[in-house]
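S.K.: curious how this folds, go ahead:
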Amino acid sequence: MPSGHIEVQVRPGVEDDLAALTDLYNHYVRETPITFDTAIFTPEERRPWLLSHPEDGPYRLMVATDADSQEILGYATSSPYRAKPAYSTSVEVTVYVAPHAGGRGVGTLLYKALFAALEGEDLHRAYAGIAQPNEASTRLHERFGFRYVGTYREVGRKFGRYWDVAWYEKEL
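M.R.: Sure, this is the predicted structure:
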């Protein structure tokens, strides 16, 4: 086994993951424009988000962990695209990888598990919004068959500037 190799396991997220998932997400809130949230969360504030992703159905939470330490290395979700009923066969997907775990295939493993879990669900399309620039996320989504459909220009303001969001879709 090469030095530094980490065996990654992917499983559905559970309530015991809440604190670690909140810490991971808060990194992206504080340090990046990847999410347009601007204030960090407590685990209790994030609990409704976690509970909205059960182990079955179209809205899933998959978690990647280090097989030895069980440290959370990242997560992927499918969530409602929009609240109106006609959108019910569409989901928005996202992936977050711990900063120290980037470039190791964690995002790929998470999306493989997420899309496998969604097979057989009554879903037609998956959508992903990628704050620009984010070449790694763009490459990941394109590897999974997402195609570019358009960009919302300067749609979000964070860190004193405006950010574009490129939208991608995938047939399910």
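S.K.: which residue ranges of this structure form strands?
M.R.: Using DSSP state E, the strands found in the chain span residues 8-12, 61-66, 72-80, 90-97, 125-131, 147-158, 161-171.
S.K.: list the neighbouring strands of the last one plus their orientation.
M.R.: Paired strands of strand 161-171, with direction, are strand 125-131 (antiparallel), strand 147-158 (antiparallel) (DSSP bridges).
S.K.: what's the most buried one of those?
M.R.: strand 125-131 (a mean of 20; mean count of other CB atoms under 10 Å). Yep, even glycine has a C-beta here, placed from its N, CA and C like the rest.
S.K.: for the record, mean pLDDT for stretch 151-164?
M.R.: Stretch 151-164 carries an average pLDDT of 98.
S.K.: quick one: contacts of it?
M.R.: Applying CB atoms under 8 Å, 6 or more residues apart in numbering, the external contacts of stretch 151-164 come out as 33, 36, 38, 129, 131, 132, 165, 166, 167.
S.K.: ok, the fifth one touching residue 165?
M.R.: Yes - with contact defined as CB atoms under 8 Å, residue 131 counts as touching residue 165 (5.5 Å).
S.K.: residues near residue 82, how many?
M.R.: For residue 82, the neighbour count with other CB atoms under 10 Å is 11.
S.K.: show the pLDDT at it.
M.R.: In this prediction residue 82 is given a pLDDT of 95.
S.K.: residues contacting it?
M.R.: Per CB under 8 Å, 6+ apart, neighbours of residue 82: residue 90.
S.K.: how close does it get to residue 15?
M.R.: 27 Å (CB to CB, to the nearest Å).
S.K.: find the nearest non-adjacent residue to residue 37, please.
M.R.: residue 29 (4.8 Å; CB to CB, 6 or more residues apart in numbering).
S.K.: just give me the neighbour total for that neighbour.
M.R.: 17.
S.K.: first-to-last residue distance for stretch 60-69?
M.R.: 24 Å (CA to CA, to the nearest Å).
S.K.: just stretch 119-128 next, same as before
M.R.: End residues of stretch 119-128 are separated by 18 Å (CA to CA).
S.K.: one more: stretch 11-23?
M.R.: Stretch 11-23: ends 19 Å apart by CA to CA.
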